[in-house]
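[1] Sequence below, structure please.
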Amino acid sequence: MQLLFKELQPVDSFIIQMPYPLADADRHLVTMLYKPIIGSDAMSLYFTLWSESEGQSTEELNHYYLMDVLNMSLKKIFDARVALEAIGLMKTWKKDDESKREFIYEVLAPLDATSFFSEPILATSLYSVIHEKAYLRIRERFVKKQMVQNGYEHVSRDIQDVFKSNHDFNKLGHLFNPEQMEQPSRPKKLPFYSQDFDFDLLKAGLSEVMIPSNVLTLPIKELIAKVAFLYSLNAIDMQKVLMMAIDDQNRITEERLKKTAADYYKLSISSKPPRLTQKLGQQPEMVSQVSKPSKDQSLIKYMEETPPLEVLRDISNGKEPLPVEVDLANELIFKYGFPSPVVNVLLQFVLIRAKMKLNKNYVHKIAAHWQRENIQTAEQAIEISRKEHDQYVDWQNASKTTPASTSTSYKRKNVRDEKVPEWFYKAKENRSAKQTVENEVTEDWEAKKQQLLEKLGVTEGQAKTSGTN
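    I've put the predicted structure just below:
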């Protein structure tokens, strides 16, 4: 990990450039649309550089000046700078000399409102950090709807209809220098580079019959890379998205692709919109020793960062989840409104507790209980699984004696080896020997569990101690 002083020091000098003038409308765009995404520090740096660039002369300054004006540390200034660069509001050039290091900071204009809300990364990021009502109000404020002109005739006059000239402009060509009149164009879209997306793998899984090659135009490919980055989708996921996005005329429009990717994300990953978060520890001022996370912390991190379908694959030793499992995961997300981490804990708990048997009534009963308890995080879900474990065992045993449970339960033909998480053993704490469910486990199940415990490095004594204390 590279240290901050290798990137920036207070004595480093910089000059500011603004290729085109900015207006109050741009200030409103940055404040209302960009600030919720990049934060107050980045916006303060942007407006400071903007104000400095409006001076009469291009003065060379050092970063001590920015630290004083902004009352910010060098680390915060650097983080704000890279956020502005990533969002398309700033460009940076660097020149290293033997004696000093110099920068050029170019202040860029924000996208106009229509372009901003057409960018899936920017629009979704804004929606994820503000309330829905606020998002709709802001969008209506900046994106004006054009009046319907049906039935009206266009009667505007052109310049040649109103004015005439007595001069031959061909003879005055030497007065106009095209090079001097050219101005840098304002940005029309978010700068994004798609080299990281594997288009070769994407095309390898799509036949010419399913997705003709002429459909993947440059704008569509750029949008594919953007939505894949936004929703953390790989090339295999995007194959499914494209198959759903193509219409009967073998066309893929940008709006249809964005909507299909959003629907796929909601079904497969999370019901909450994704958020742009700056990478942590990008340029730390000092190297700190990171303590090894506990098993509970590692489990919570896994539950929070892994989509439900991937958790089901892990439980199934890499095999694709069955349709009944996928449908149940979708119900937990859309019917009960659980975040993905809570769904992950519930699915893993039920499948392991029930020895890979999936009983929908049992799952829905626990889900209803968690909904009443307002369970919203993986940590809360694990805690209530331990606290109410005995109650859940009673519900499971009751469902076994109910004839209706036979028709609503699903049992795999090929029982797969379970992956036993550490928290499942902890759920047995403070439980008497009479209430334990070990008597229900067959000899074959015990043998398979012992094999997995050996793979995980857990001895039989440790497992028994964890299970009976």
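
[2] And stretch 4-16, what's buried?
    4, 7, 8, 12, 14, 15, 16 (16 or more other CB atoms under 10 Å). Any C-beta I mention is one placed from the backbone N, CA and C, and that applies to glycine too.

[3] whoops, stretch 39-56 was the one
    41, 42, 43, 44, 45, 46, 48, 49, 50, 52, 53.

[4] Now the closest residue to residue 211 other than its chain neighbours, what are its backbone angles?
    Nearest non-adjacent residue to residue 211, counting by CB to CB, 6 or more residues apart in numbering: residue 242, 5.6 Å away. Main-chain torsions, residue 242, degrees, to the nearest 10: phi -60, psi -40.

[5] What's the per-residue pLDDT of residue 242 here?
    Listed pLDDT for residue 242 reads 87.

[6] returning to that earlier point: export the buried residues of stretch 4-16 to TSV and tack on distance to residue 352, pLDDT and secondary structure?
    Listed next are those as TSV, based on distance: CB to CB, whole Å; pLDDT from 0 to 100; DSSP: H, G, I helix; E, B strand; the rest coil:
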residue	distance to residue 352	pLDDT	secondary structure
4	45	75	helix
7	47	86	coil
8	50	87	coil
12	56	91	coil
14	57	92	strand
15	62	91	strand
16	59	91	strand
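
[7] Please name every helix or strand in contact with the helix or strand encompassing residue 78.
    For residue 78, the host element (DSSP states H and E) is helix 74-87. Contacts defined by 3 or more CB pairs under 8 Å, 6 or more residues apart in numbering; DSSP states H and E place helix 74-87 against helix 35-38, helix 40-53, helix 63-70, strand 90-96.

[8] how many degrees apart are the last one and helix 40-53 in direction?
    Orientation check (axes from the mean of the first three to the mean of the last three CA atoms, to 10 degrees): strand 90-96 against helix 40-53 gives 70 degrees.

[9] Please enumerate residues in contact with strand 90-96?
    Contacts made with strand 90-96 from outside it, assessed by CB atoms under 8 Å, 6 or more residues apart in numbering, are listed as 46, 49, 81, 84-85, 101-108.

[10] rerun at 7 Å
    Identification of contacts with strand 90-96 by CB atoms under 7 Å, 6 or more residues apart in numbering yields 46, 81, 84, 85, 101, 102, 103, 104, 105, 106, 107, 108.

[11] With the second one instead?
    The contact list for helix 40-53 (CB under 7 Å, 6+ apart) reads 16-18, 22, 30, 35, 69-70, 72, 76-77, 80-81, 83-84, 89-90, 105, 107.

[12] show me where pLDDT drops low in the stretch 351-469 of the chain?
    353-358, 389-394, 396-469 (pLDDT under 70).

[13] swap in the stretch 151-300 of the chain?
    165-186, 191-195, 271, 278-294.

[14] how about the helices in the stretch 201-350 of the chain?
    218-231, 235-245, 254-268, 295-305, 308-315, 323-334, 340-353 (DSSP state H, counting those that start in this stretch).

[15] can those helices go into CSV with extra columns for mean neighbour count and distance to residue 131?
    Converted to CSV, those look like this (neighbours: other CB atoms under 10 Å; distance: least, CB to CB, whole Å):
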stretch, mean neighbour count, distance to residue 131
helix 218-231, 18, 20
helix 235-245, 19, 28
helix 254-268, 18, 19
helix 295-305, 16, 23
helix 308-315, 20, 26
helix 323-334, 17, 21
helix 340-353, 24, 21
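
[16] how about those in TSV, adding distance to residue 112?
    Formatted as TSV, the helices of the stretch 201-350 of the chain follow (distance: least, CB to CB, whole Å):
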stretch	distance to residue 112
helix 218-231	18
helix 235-245	26
helix 254-268	17
helix 295-305	35
helix 308-315	38
helix 323-334	35
helix 340-353	35
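
[17] Can you check which of the ones you listed gets nearest to residue 118?
    Closest to residue 118 of the helices of the stretch 201-350 of the chain, according to CB to CB: helix 254-268, at 7.9 Å.

[18] And that closest one, what does it pack against?
    Judged by 3 or more CB pairs under 7 Å, 6 or more residues apart in numbering; DSSP states H and E, the packing partners of helix 254-268 are helix 218-231, helix 235-245.

[19] List of residues touching it?
    120, 219-220, 223, 227, 231, 240-241, 244-245, 247, 307, 309, 330.

[20] follow-up on the earlier one: between the helices and strands packed on helix 254-268, which one is nearest to residue 338?
    helix 218-231 (19.0 Å).

[21] coming back round to it: tell me which residues of the helix holding residue 78 come out buried.
    Taking 16+ other CB under 10 Å as the criterion, helix 74-87 shows 74, 76-87 as buried.

[22] how about a markdown table for those residues, with distance to residue 375 and pLDDT added?
    Putting these into a markdown table (distance: CB to CB, whole Å; pLDDT from 0 to 100) gives the following:
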| residue | distance to residue 375 | pLDDT |
| --- | --- | --- |
| 74 | 42 | 91 |
| 76 | 36 | 91 |
| 77 | 41 | 93 |
| 78 | 39 | 93 |
| 79 | 34 | 92 |
| 80 | 37 | 93 |
| 81 | 40 | 93 |
| 82 | 37 | 92 |
| 83 | 34 | 92 |
| 84 | 38 | 93 |
| 85 | 39 | 92 |
| 86 | 35 | 89 |
| 87 | 35 | 90 |
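
[23] Many thanks, I have nothing further to ask.
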